[in-house]
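**Q** predicted model and sequence follow; I will ask about them next.
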Amino acid sequence: MTAAPVTTRVDAAPAATPTIGSHVREYLQRLRGGDMGSLPAIGGLVVLCAIFASLDSAFATPRNFANLFGQGAQITVIAMGLVFVLLLGEIDLSAGFTSGVCAAVLAVLLTNWGWPWYVAVLAAVLTGTVIGAVLGTTIAKIGIPSFVVTLAAFLGFQGLLLIMISGGKNISITDDVILAIINRNLPPWLGWTLAALAVLAYAALHLYRASARTRQGLAAQPMSVIGARIVALAVVLGLATAALNQERSINTLITSLKGVPIVVPVIAVLFIFWSFVLGRTAFGRHLYAVGGNTEAARRAGIPVDRIKIAAFMISSTMAAVGGIMAASRLNSVDPNTGGSNVLLYAVGAAVIGGTSLFGGKGRIIDAVLGGAVVAVIDNGMGLLGYSSGVKYVITGVVLLLAAGVDALSRRRAAASGL
């Protein structure tokens, strides 16, 4: 009788504990492979701030710092929605006037019909969602290119806005809640509380992820790197909150003006929510898959048409939110709301931040960083007394550089096989 072979169970070796050196080498390898991430946008933002601060001392004041959030809010929020469309390799040229139409819905319901602010806001947002559903369905089901469909919507919504605001007049916004979004500030203590909660939540999330990966035998980021990121966030939020909590009123005898603008936590909530959708849900993974290779995604069983429709719905919904912010900042809505340079700046913000025009690459942080770059350029040029023409030229150059970096990165990644 032959003895049964003796088998010895060999457990998988635990993943090697990463070090700061290995983490840095991995990051440099990604850079050499063309994965620039947010580095160009952050570098450009730092350089621009340094230049404008050296040319005009008013740029680096707390008052102007607070103004940047109001100036960039509409562009940043619309750019967040455009990221979803750009990830598919599509375009939404109607986002600007979609925001204008939704802002007009808000203004008509608030001012002309006397509806409560929360009903008017809901109606404006739902209008954007319906617009996105119509655009997305036309593109996905009929097969008309997104450029043509959204260009037609661009023209149509421009006319619709003129019809809604008859005679080319503006509709004033007087509701205190709507006006507070851009024009009011949080109490200083609440600003500090939110900053502290943000740091604690960030630290808890990263420590939990590191612990979970360690338990599963996977390599996790070094604790020193996690600690450095937490400290960096705490420093940035601390300095920003301290600056915004300083008195910004020219005449303190009349009014006090200090605290974090209300729009800041609003944008932060939108950023966290959409970042979670893109990075932690099946929809987000499917969106990247469709943007990377539509046919392969379809063969893998991903509902490509539904993904496209959902992306355009998100884009138009965020355009509606941007329109509400524009109405809050201007205290009114007119036929130019959402027009002019809004669309160009929003697309530019997403691309400048790092979202690829070729699809498959982009994050919500790109819209935030790109929106900050656009706001800094517009604000800094205004302080220096440059004309709108010069602002457009500079913004166009920055956009071209960002697109060039994207193209070179893709070429480098293809050459390195990443």
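**A** Looks like it arrived, so ask away.

**Q** could you list the low-pLDDT ranges of the stretch 301-418 of the chain?
**A** Where the stretch 301-418 of the chain drops to pLDDT under 70, the residues are 406, 410, 412-418.

**Q** just so I have it, where are all the helices in it?
**A** Here the stretch 301-418 of the chain has its helices, by DSSP state H, counting those that start in this stretch, at 304-330, 342-353, 364-383, 388-416.

**Q** may I see these arranged in TSV, with distance to residue 226 as well?
**A** C-beta coordinates here come from the backbone N, C-alpha and C atoms, glycine included. Putting those into TSV (distance: least, CB to CB, whole Å) gives the following:
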stretch	distance to residue 226
helix 304-330	31
helix 342-353	24
helix 364-383	18
helix 388-416	27
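
**Q** kindly reformat the ones you listed as CSV containing distance to residue 219 and mean neighbour count.
**A** CSV is the format used below for the helices of the stretch 301-418 of the chain (distance: least, CB to CB, whole Å; neighbours: other CB atoms under 10 Å):
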stretch, distance to residue 219, mean neighbour count
helix 304-330, 31, 25
helix 342-353, 28, 27
helix 364-383, 23, 24
helix 388-416, 21, 15
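
**Q** ok, which of these comes nearest residue 139?
**A** In terms of CB to CB, the element of these nearest to residue 139 is helix 304-330, at 6.3 Å.

**Q** helices or strands next to the closest one in the packing?
**A** Here helix 304-330 touches helix 62-86, helix 95-107, helix 117-137, helix 176-183, helix 263-280, helix 282-292, helix 294-299, helix 342-353, going by 3 or more CB pairs under 8 Å, 6 or more residues apart in numbering; DSSP states H and E.

**Q** okay, those helices, which one's buried deepest?
**A** Mean neighbour count (mean count of other CB atoms under 10 Å) peaks for helix 95-107 among these, with a mean of 30.

**Q** one step back: quick one: closest of the helices of the stretch 301-418 of the chain to residue 201.
**A** It's helix 364-383; of those, that one is closest to residue 201 (CB to CB) at 16.2 Å.

**Q** rewinding a little: redo the helices and strands packed on helix 304-330 as a markdown table? Include distance to residue 248.
**A** Output for the helices and strands packed on helix 304-330, formatted as a markdown table (distance: least, CB to CB, whole Å):
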| stretch | distance to residue 248 |
| --- | --- |
| helix 62-86 | 4 |
| helix 95-107 | 27 |
| helix 117-137 | 26 |
| helix 176-183 | 13 |
| helix 263-280 | 14 |
| helix 282-292 | 39 |
| helix 294-299 | 49 |
| helix 342-353 | 25 |
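
**Q** can you tell which of those is closest to residue 164?
**A** helix 95-107 (4.4 Å).

**Q** can you give the contact residues for stretch 298-316?
**A** Contacts to stretch 298-316, defined as CB atoms under 8 Å, 6 or more residues apart in numbering, come from residues 81-82, 84-85, 87-88, 90, 92, 94-95, 98, 128-129, 131-133, 135-137, 139-141, 146, 274, 283, 286-287, 289-290, 294, 297.

**Q** could you export that stretch as CSV, CA atoms only?
**A** Extracted in CSV, the C-alpha atoms of stretch 298-316 (Å, rounded to 0.1, in the frame of the first residue of the first chain):
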residue,chain,number,x,y,z
ARG,A,298,-20.0,46.9,-23.8
ARG,A,299,-18.6,43.4,-24.3
ALA,A,300,-18.0,43.2,-20.6
GLY,A,301,-21.7,43.7,-20.0
ILE,A,302,-21.5,47.3,-18.9
PRO,A,303,-24.7,49.2,-19.8
VAL,A,304,-22.9,51.8,-21.9
ASP,A,305,-26.0,53.8,-22.9
ARG,A,306,-27.2,54.2,-19.4
ILE,A,307,-23.7,55.3,-18.3
LYS,A,308,-23.7,58.0,-20.9
ILE,A,309,-27.2,59.2,-20.1
ALA,A,310,-26.3,59.3,-16.4
ALA,A,311,-23.1,61.3,-17.1
PHE,A,312,-25.0,64.0,-19.0
MET,A,313,-27.7,64.1,-16.3
ILE,A,314,-25.0,64.7,-13.7
SER,A,315,-23.4,67.4,-15.9
SER,A,316,-26.6,69.3,-16.4
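
**Q** just to revisit the earlier point, looking at the helices and strands packed on helix 304-330, which is nearest to residue 239?
**A** Among those, helix 62-86 comes nearest to residue 239, with 10.2 Å by CB to CB.

**Q** give the other helices and strands that the closest one contacts.
**A** For helix 62-86, the packing partners by 3+ CB pairs under 8 Å, 6+ apart are helix 95-107, helix 176-183, helix 223-244, helix 263-280, helix 304-330, helix 342-353, helix 364-383.

**Q** looking at these, which is nearest to residue 399?
**A** It's helix 342-353; of the helices and strands packed on helix 62-86, that one is closest to residue 399 (CB to CB) at 4.4 Å.

**Q** name the helices or strands packed onto that closest one?
**A** Against helix 342-353 (3+ CB pairs under 8 Å, 6+ apart) you get helix 39-55, helix 62-86, helix 95-107, helix 304-330, helix 364-383, helix 388-416.

**Q** redo those as JSON lines? Include distance to residue 258.
**A** Formatted as JSON lines, the helices and strands packed on helix 342-353 follow (distance: least, CB to CB, whole Å):
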{"stretch": "helix 39-55", "distance to residue 258": "21"}
{"stretch": "helix 62-86", "distance to residue 258": "8"}
{"stretch": "helix 95-107", "distance to residue 258": "29"}
{"stretch": "helix 304-330", "distance to residue 258": "19"}
{"stretch": "helix 364-383", "distance to residue 258": "20"}
{"stretch": "helix 388-416", "distance to residue 258": "29"}
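
**Q** thanks a lot, see you next time.
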